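Peer 1: How does the following fold in three dimensions:
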Amino acid sequence: MPLTVKAFNPPVVASNSYIIKDAVSGEAAVIDAGIYNARFEEILKSMKIEKLKYILLTHGHFDHIMGVKRLQKNFGGEIVIHEADADCLSDSKRSLASALSFACPPFECDKAVKDGDVLLLGDEELEVIHTPGHTVGSVTYKAGKYLFTGDTLFHVSVGRTDFPGGSTEDILSSIKKLYSLEGDYRVCPGHGGESTLSFEKNNNPYTRGL
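Peer 2: Below is the predicted model of the structure:
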């Protein structure tokens, strides 16, 4: 798959953002934007990205969305989130911003998606996989051999389920859904380092027996 993928790991919120670009069409998207700063802009420009097609959100917590509006103002892009988490963008309680005293001005999504929806980046398909458990509207974006798992599946760990809308039963069911995918994938999580699906199947202590 002719995709270029770069990660941005900012301080403060410590959540991962991913910039993906289709090598053929030049169309690009950002997955999650917990912060927007000069370094983020430098990376986008170094990739020769002048305009985004999408800003894809894995879920609606503040540490994944606070930089979205500034990013959209400077680079465009449709804001995409699962329909069950869309209210997080305008509700600081649902995004957890107010509980942790972070400023997150309200905004709206441009496109609310659901399980099985497919977005196009050039001719490349980005599939939306609903993976609730961390939040009710958490998703994984599947692009070629990449899985952008947000706060669902991490390297040898899983997302927290003690926030409002969280469910241990749901997150394990979601990860089982990911494990059922044929072949191997690079796992690009919302926090921490990358992994592979095969490694997590064999080594993740939280998902043994799935």
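
Peer 1: What does the pLDDT read for Leu210?
Peer 2: According to the prediction, Leu210 has pLDDT 90.

Peer 1: Could you report the separation of it from Arg186?
Peer 2: Separation of Leu210 from Arg186 (CB to CB, to the nearest Å): 19 Å. Using the backbone N, CA and C atoms, a C-beta is placed for each residue, glycine as well.

Peer 1: Quick one: the helices in the protein, in order.
Peer 2: Assignment of helices within the chain using DSSP state H yields the ranges 38-46, 62-65, 68-75, 168-179, 197-203.

Peer 1: what about the protein, any weak spots by pLDDT?
Peer 2: By pLDDT under 70, the weakly predicted segments of the chain are 1.

Peer 1: Mind jotting down where the strands sit in it?
Peer 2: Secondary structure of the chain (DSSP state E): strands at 3-8, 17-22, 28-31, 54-56, 78-82, 111-113, 118-121, 124-130, 139-143, 146-150, 153-154, 157-158, 186-189, 195-196.

Peer 1: could you dump these to CSV with distance to Asp170 and mean neighbour count?
Peer 2: Below are the strands of the chain laid out as CSV (distance: least, CB to CB, whole Å; neighbours: other CB atoms under 10 Å):
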stretch, distance to Asp170, mean neighbour count
strand 3-8, 27, 16
strand 17-22, 24, 23
strand 28-31, 21, 26
strand 54-56, 21, 26
strand 78-82, 13, 23
strand 111-113, 18, 17
strand 118-121, 23, 16
strand 124-130, 10, 19
strand 139-143, 13, 25
strand 146-150, 14, 27
strand 153-154, 13, 26
strand 157-158, 11, 20
strand 186-189, 17, 22
strand 195-196, 21, 19
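
Peer 1: Ok, which of those strands comes nearest Ser180?
Peer 2: Closest to Ser180 of these, according to CB to CB: strand 124-130, at 10.6 Å.

Peer 1: For the closest one, name the packing helices and strands.
Peer 2: strand 118-121, strand 139-143, helix 168-179 (3 or more CB pairs under 8 Å, 6 or more residues apart in numbering; DSSP states H and E).

Peer 1: sorry, back to before: now render the helices of the chain as CSV, adding distance to Leu96 and mean neighbour count.
Peer 2: Shown next, in CSV, are those (distance: least, CB to CB, whole Å; neighbours: other CB under 10 Å):
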stretch, distance to Leu96, mean neighbour count
helix 38-46, 22, 14
helix 62-65, 5, 26
helix 68-75, 15, 18
helix 168-179, 17, 18
helix 197-203, 26, 16
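
Peer 1: Can you lay out these as JSON lines showing distance to Thr161?
Peer 2: Shown next, in JSON lines, are the helices of the chain (distance: least, CB to CB, whole Å):
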{"stretch": "helix 38-46", "distance to Thr161": "29"}
{"stretch": "helix 62-65", "distance to Thr161": "16"}
{"stretch": "helix 68-75", "distance to Thr161": "24"}
{"stretch": "helix 168-179", "distance to Thr161": "5"}
{"stretch": "helix 197-203", "distance to Thr161": "17"}
